[in-house]
Structures are given as structure tokens and as C-alpha cells.
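In: Predicted model follows, preceded by the sequence.
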Amino acid sequence: MMIITRASAMRKKTEEWKQQGCSTGFVPTMGALHGGHLSLMNEARQKNDKVVVSIFVNPLQFGADEDYDTYPKNIEADAETAGMANVDVIFAPPVDELYPRPVRTIVHVEKGVQVLCGRNRPGHFDGVATVVMKLFQIIHPDNAYFGRKDAQQAAVVQNMADDFNLSIDIVTCRTIRETDGLAVSSRNIYLTEKERKQAPQLYKSLLTAEEKVHQGERDVSVLEKVIHNSLVNHTDAEIDYAEVLAYPELETFSSSSGQIILAAAIRFSKARLIDNIIVPLRDTKKGEKQDVPDLDEI
Ligand code: AMP
């Protein structure tokens, strides 16, 4: 496995692979690699001749009061984790390699950012879209892998790929969880012991709402209240949002079919956690059980 820090060297490597007729799978990350990242790398490994994982904490997507400066970094441990998935290249550029000067051009996301994480993180998804576009331009992957845990991000990237006619397949992979249901996250290390015990309630609150959906509940405000109350009753966390929307449109849910996303974000003392469940719907009368698994189970 190689660690490449320069964009020109990275581009040269993937061009070389292309000339050899090899396909490239790409997994963008911010490092502090864990089981969630590993599952994306394994998926990329299975479907591509070559695999690149990027490790880059992107200043453009962090707000002034967010954890950019304290975001966990450990390149040695990350190399070990990437090695477990037989990754070919870790692309880990320093900040001034991707941003050698103040940015003059950004990718501005028009739709799907007034909700969920976008509402309280202005500019966040512009930052995400910009860095993903830059990484796509350097690496030119055939397939790029994103986690469903960040479902809004996956939708934003898919929209960008469609809107800009990128010839890259965006693959969304299921959320990897600890045994108690907590979604694996680089930020979980910042939870106190008490908060770590309460944190699985985030997923439980979504499961409770999902059960209501399966029972035929389609009233968004009722479902949001179920999530909200479950969090208020069982955690000390501040609730950032508890929201139910059509997915992947991320618009007000108004039909009885398609998919909905049940999503929540909570803030503990030093960590903000997010989670979601995407549920396929079919017409069900209230009270009639809908026996449809959520996408995480598929
Ligand atoms: P991050 O390093 O947090 O920016 O995440 C990099 C990629 O890993 C994103 O596509 C995330 O959605 C994905 N990811 C993070 N946590 C998980 C998880 N628990 N399960 C699956 N994918 C994840």
C-alpha cells in the first residue's frame, strides 16, 4: 500500500491504472478509520481492480464553532485499517495541497440543504461538494463509496454527479453499528461514559418511529414527535433535529409510496451524533402492519 500526499502523483497513479485497463474504486474519508469506513473499503475492494481511500479533514465543510481543530487524526492506525481491506493507495494531502490559495470557486448545493444537517450547518454541504468534486477530478474513479449513515451527504453527492454529468457511479453502503445499535463514528470517542450509555437511544428512537411507520402511521409530525420524545425521555442530549422527509428528495413527505428517511441529530458535551433509517413504503392503512424491512437490513 502506498501513501500519496501530492495531487499530481495521485493523478499520475490513477492514469497509469487506467492505461492498464484497471477500474478504480474510491472511498473519501476524514480519517480516524473505523468499521464503517472499513465496510466501504471492503465493498470497493470487491468491485474494483484498484482502491483509493482519501484521508482529508476538509476545513471548507466545518463551521467556525465546530470541531475542525480537534478532529481525531492517526495516520499510522489508519494505514493499518486500510491495510486490512487491501487498499492500494491512501491519498492524504496536506491542506495546502488541496487549497494552495483561498478558494475562488466552490460547488454550491442548491437543493436538499435547508433540512437535516444543512439547516444548522450553513455552507457545510458546499464544502463537502467542493472537496468531493476536487477529489473526483484528481482520482477519476469509476465508483465512489459513501455511507448511508450520512444519507444527506450521499444524496447531495449523487445529485452533484447527476447535475454535472460525472461518469462515476455513486454507491451508498449500509450503516455499520456497534452491538448496541450505536452507529460507528469517529466522534464516538468524545462521549463520556454516561453519554456512551445513552447514545444507542438515538438509533432506538428511530426504530420506534420505524415501527409506527410499519403500523401504518404516515403523519410526519407524529413520527417526529415519537423520535423527539424518545430522545428527551432517555438522554440528556440536546436535540439538533428529529425529522422525517421523503428520500432521496429530502422534501416534505407527501405520498404514500417511495421511501422516507427518519433522521435525528443530537449533541452531547463534546460530540454531535447523527443517525437515520430509510424506510421503503407501500400503501398501508393505519393499524395494518406493513412488514417491510428498513434498508439497513437488506
Ligand atoms: P467521514 O470520515 O466521517 O467523513 O466518513 C467517510 C465515509 O464513511 C462517509 O461516506 C460516511 O458516510 C461513511 N461512514 C461513516 N460512518 C459510517 C458507518 N458507521 N457505517 C457506514 N459508513 C460510515
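Out: Sure, I can see it.

In: Report the mean confidence score over stretch 261-276.
Out: What stretch 261-276 shows for mean pLDDT is 97.

In: and it, how far out from the chain's middle?
Out: Distance of stretch 261-276 from its chain centroid, counting by Cα atoms, centre = their mean, to the nearest Å, is 12 Å.

In: If you count neighbours, what's buried in that stretch?
Out: 261-266, 268, 271-276 (16 or more other Cβ atoms under 10 Å). In short, each C-beta sits where N, CA and C put it, glycine included.

In: Kindly report the same for stretch 31-50.
Out: For stretch 31-50, by 16+ other Cβ under 10 Å, it's 31-34, 36-45, 48, 50.

In: can I get the CA coordinates of that stretch in CSV?
Out: In CSV, the C-alpha atoms belonging to stretch 31-50 read as follows (Å, rounded to 0.1, in the frame of the first residue of the first chain):
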residue,chain,number,x,y,z
GLY,A,31,-9.6,9.5,8.7
ALA,A,32,-9.8,8.1,12.2
LEU,A,33,-10.8,5.0,10.2
HIS,A,34,-13.2,2.5,11.9
GLY,A,35,-15.5,-0.3,11.0
GLY,A,36,-17.8,1.9,9.0
HIS,A,37,-15.0,3.1,6.7
LEU,A,38,-13.7,-0.5,6.5
SER,A,39,-17.0,-1.7,5.2
LEU,A,40,-16.9,0.9,2.4
MET,A,41,-13.3,-0.1,1.6
ASN,A,42,-14.2,-3.8,1.5
GLU,A,43,-17.1,-3.1,-0.8
ALA,A,44,-14.7,-1.1,-3.1
ARG,A,45,-12.2,-3.9,-2.9
GLN,A,46,-14.7,-6.5,-4.1
LYS,A,47,-15.9,-4.4,-7.1
ASN,A,48,-12.8,-2.7,-8.4
ASP,A,49,-9.2,-3.6,-9.6
LYS,A,50,-7.7,-0.7,-7.6
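
In: near the ligand, which residues of the protein show up?
Out: 29-30, 36-37, 39-40, 146-147, 149-150, 173, 175-176, 183-186 (Cβ under 6 Å from any ligand atom).

In: now do 8 Å
Out: The chain comes close to the ligand at residues 27-37, 39-40, 145-150, 153-154, 173-177, 183-186, as judged by Cβ under 8 Å from any ligand atom.

In: Report whether Thr172 is found in a strand, as I expect.
Out: Yes - assessed by DSSP: H, G, I helix; E, B strand; the rest coil, Thr172 belongs to a strand.

In: Now do it: how many residues are near it, please.
Out: Neighbours of Thr172 under the rule other Cβ atoms under 10 Å: 20.

In: In contact with it: list those residues for me.
Out: When contacts are counted by Cβ atoms under 8 Å, 6 or more residues apart in numbering, Thr172 touches Phe146, Gly147, Arg148, Ala151, Ala154, Gln158.

In: Show me how far the helix or strand hosting the last one is from its chain's centre.
Out: With elements taken from DSSP states H and E, the one containing Gln158 is helix 151-163. From the chain centre to the centre of helix 151-163 is a distance of 11 Å (Cα atoms, centre = their mean).

In: Check the contact between Lys212 and Val220; I expect there is one.
Out: No - if you go by Cβ atoms under 8 Å, Lys212 and Val220 don't touch, sitting 11.2 Å apart.

In: In the stretch 51-200 of the chain, which residue sits nearest the ligand?
Out: Gly147 (2.3 Å; Cβ to the nearest ligand atom).

In: isn't that residue right next to Ile170, touching?
Out: No - with contact defined as Cβ under 8 Å, Gly147 and Ile170 do not form a contacting pair (11.8 Å).

In: More neighbours: those two, which one.
Out: Gly147 (22 against 18).

In: What residues are bridge-paired with that one?
Out: Cys173 (DSSP bridges).

In: Any regions of the stretch 151-298 of the chain where pLDDT drops low?
Out: Along the stretch 151-298 of the chain, segments meeting pLDDT under 70 span 283-298.

In: all helices for it, in order.
Out: Assigned by DSSP state H, counting those that start in this stretch, the stretch 151-298 of the chain shows helices spanning 151-163, 193-198, 201-214, 220-234.

In: okay, those in TSV with mean neighbour count and distance to Ser54 next?
Out: What follows is the helices of the stretch 151-298 of the chain, written out as TSV (neighbours: other Cβ atoms under 10 Å; distance: least, Cβ to Cβ, whole Å):
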stretch	mean neighbour count	distance to Ser54
helix 151-163	21	14
helix 193-198	14	29
helix 201-214	21	27
helix 220-234	17	33
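
In: out of the ones you listed, which comes closest to Met2?
Out: Minimum separation from Met2 across those (Cβ to Cβ) falls at helix 151-163, 25.4 Å.
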